[in-house]
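# sharing a model that was predicted from the sequence below.
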Amino acid sequence: MRKKTIKDIPNLFGKKVFLTVDFNISLENGHVANDTRIVEAIPTIKYLLSKGAKLIISSHLGRPSGHDPNLTLKPVANRLEQLISKKVNLIDRYWEKSALTKINKVPKGEMVMLENIRYVKEEELNDRNFSKHLASMADYFVNDAFGTAHRVHSSIVGIAEFLPAFAGLLMDKEIRMLSEAIEKPKRPFLLIIGGAKTPEKISVIEKLLDIADNIILGGAIANTFLAAWGFGTGRSVVDYEMVEMARVVFWKTTRKHSALLLPLDVVISDKDRKMKPQVVEYNKVPHHVAIFDIGPKTMKNYQELIREAKTIIWNGPMGLYEDPRFAKGTDSILKHVAESKAFSIIGGGDTLTTIKKEYVEKIDHISTGGGAMLVFLENGTLPGIEVLLDAK
Ligand code: 3PG
């Protein structure tokens with residue numbers, strides 16, 4: 001069944017829309033450090049407002065475990081106000097019935113934002129009563145949060161049981177772009193995987209072994225594959241629980257379509273990065289050092305594959321790019337992907353922050369999804385998308 005988008009809603013004038021967005025963004029000294037996810041949701045917000053709808057916006061920020069217990073969306077609401085020149089009323093204690101009166105009192109032309117929904121325990125439980133309560137705030141449910149569509153939470157999945165559900169414009173674009181790349185890729189199709197989160201990424205690699213022509217690895221996941229191959233990785237970040245799985249993927253590669261490529265050389269330093277960075281062959285990493293980037297031979301090899309590719313999907317950095325001494329591998333991949341004529345998609349929370357402005361326009365699609373993009377690549381759908389397919 002086809003998903004419905006906000007363009008399919010017949011009459012929005014005077015209607016209330018519960019809009020789920022992914023404004024889970026990094027803050028620096030209490031201010032928004034990267035507003036990409038807010039900017040990307042603006043077309044949906046503007047469309048709904050232009051049709052005369054009243055918006056109740058919901059997002060999470062951080063996670064209750066290990067974060068500030070009072071993490072507030074206030075800086076996000078302020079940034080949205082600046083971008084859209086409309087007042088955003090941040091509402092707390094909205095799980096109480098009395099909040100409905102407060103929400104209804106917000107004047108026409110102003111917006112409501114619910115305070116950090118992940119911090120309400122019923123949200124993560126996808127609690128049916130909580131979902132029903134959220135639904136009672138509005139006439140329609142719109143989901144524009146591709147980045148959280150892999151979560152089975154009340155404001156993403158549960159609420160759709162009680163309201164007609166529609167995809168926002170960003171959600172629609174994310175699904176179209178990623179589906180185009182994996183369903184009918186122009187060949188050669190190159191998959192570039194870096195960074196950590198090895199378990200999720202190994203599943204994607206395994207799934208795309210049949211589809212991608214070349215899969216190239218960098219970052220912590222490449223270390224795990226080097227360890228699986230039996231090479232010493234010294235004190236590098238390796239996901240030892242995934243080594244066995246990496247062996248299985250190697251074995252499968254011999255029977256599948258894709259070629260799986262590992263770094264030929266790597267940049268090393270000691271664990272504290274005090275030692276001057278040095279380039280060594282992939283099989284000559286001393287036991288007392290760690291790998292922090294791909295080396296020049298690898299970059300050259302990967303550049304050639306990028307040049308030949310007609311479809312490229314990239315998720316995760318090639319090394320510890322936060323330290324400029326180890327950013328060359330990631331920068332080189334970014335430059336060549338941006339310059340290539342291939343249909344290119346970049347995603348992943350980490351990768352998003354590495355995108356230099358001059359390259360942004362040269363990439364066909366920069367996905368706002370990190371984990372969500374990986375699960376979508378693996379399964380071709382997400383729980384938060386499935387409920388939009390069942391739109392009433
Ligand atoms: C993300 O940043 O990738 C999304 O907002 C999902 O966040 P979560 O992993 O905390 O659900």
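Now that the structure is in, tell me what you want to look at.

# and M245, how many neighbours does it have?
When neighbours are counted by other Cβ atoms under 10 Å, M245 registers 18. To be clear about C-beta, it is placed using only N, CA and C from the backbone, and glycine gets the same treatment.

# which element, helix or strand, includes it?
For M245, the host element (DSSP states H and E) is helix 243-253.

# what do you get for E358?
Going by DSSP H and E, E358 is in helix 357-360.

# list the helices and strands that helix packs on?
Contacts defined by 3 or more Cβ pairs under 8 Å, 6 or more residues apart in numbering; DSSP states H and E place helix 357-360 against helix 328-339.

# who are the packing partners of the following helix or strand past the helix it packs on?
Using DSSP H and E, the helix or strand that follows helix 328-339 towards the C-terminus is strand 343-347. In terms of contacts (3+ Cβ pairs under 8 Å, 6+ apart), strand 343-347 is packed against helix 169-183, strand 311-315, helix 328-339, strand 365-366.

# quick one: which of those is nearest the ligand?
Nearest to the ligand among the helices and strands packed on strand 343-347 is strand 311-315; the distance by Cβ to the nearest ligand atom comes to 11.5 Å.

# what comes up buried for the closest one?
T311, I312, I313, W314, N315 (16 or more other Cβ atoms under 10 Å).

# is the second one bridged to anything, and to what?
With DSSP bridges as the criterion, I312 is bridged to L190, S344.

# which ones are touching it?
By Cβ atoms under 8 Å, 6 or more residues apart in numbering, the contact list for I312 reads F189, L190, L191, I192, I306, V337, S340, A342, F343, S344, I345.

# what residues are up against the closest residue to E206 other than its chain neighbours?
Excluding the flanking residues, the one nearest E206 by Cβ to Cβ, 6 or more residues apart in numbering is V249, at 5.5 Å. Residues near V249 by Cβ under 8 Å, 6+ apart: I202, I205, E206, L209, F225, L260.

# ditto for H288
G234, R235, D270.

# can you check L260 too?
So L260 contacts I205, L209, I215, L217, F225, V249, F250, T253 (Cβ under 8 Å, 6+ apart).

# the third one and V204, how far apart?
For I215, the distance to V204 under the criterion Cβ to Cβ, to the nearest Å works out to 9 Å.

# now do the shared contacts for those two.
With Cβ under 8 Å, 6+ apart, I215 and V204 have common neighbours L191, I193.

# which of the contacts of H288 tops the neighbour count?
Result: G234 is most packed of the contacts of H288 (other Cβ under 10 Å), 18 neighbours.

# K276 - nearest residue in space that isn't next to it in sequence?
Using Cβ to Cβ, 6+ apart, the closest residue to K276 is S269 (7.4 Å).

# that neighbour should be in a strand, yeah?
Yes. Under DSSP: H, G, I helix; E, B strand; the rest coil, S269 falls within a strand.

# count of neighbours near D144?
Using other Cβ under 10 Å, D144 has 30 other residues around it.

# so it touches A167, yeah?
Yes. Because the distance of 7.4 Å satisfies Cβ atoms under 8 Å, D144 is recorded as touching A167.

# who in the stretch 51-200 of the chain is up against the ligand?
R63, G147, T148, R151 (Cβ under 6 Å from any ligand atom).

# include distance to T381, secondary structure and pLDDT when you put those residues into TSV, please.
TSV is the format used below for these (distance: Cβ to Cβ, whole Å; DSSP: H, G, I helix; E, B strand; the rest coil; pLDDT from 0 to 100):
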residue	distance to T381	secondary structure	pLDDT
R63	24	coil	91
G147	15	helix	95
T148	15	helix	97
R151	14	coil	98
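
# now the strands for the stretch 51-200 of the chain?
Ranges of strands within the stretch 51-200 of the chain are 54-58, 88-91, 111-114, 140-143, 165-167, 189-193, based on DSSP state E, counting those that start in this stretch.

# including mean neighbour count, could the ones you listed go into JSON lines?
Formatted as JSON lines, the strands of the stretch 51-200 of the chain follow (neighbours: other Cβ atoms under 10 Å):
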{"stretch": "strand 54-58", "mean neighbour count": "24"}
{"stretch": "strand 88-91", "mean neighbour count": "18"}
{"stretch": "strand 111-114", "mean neighbour count": "24"}
{"stretch": "strand 140-143", "mean neighbour count": "28"}
{"stretch": "strand 165-167", "mean neighbour count": "26"}
{"stretch": "strand 189-193", "mean neighbour count": "27"}
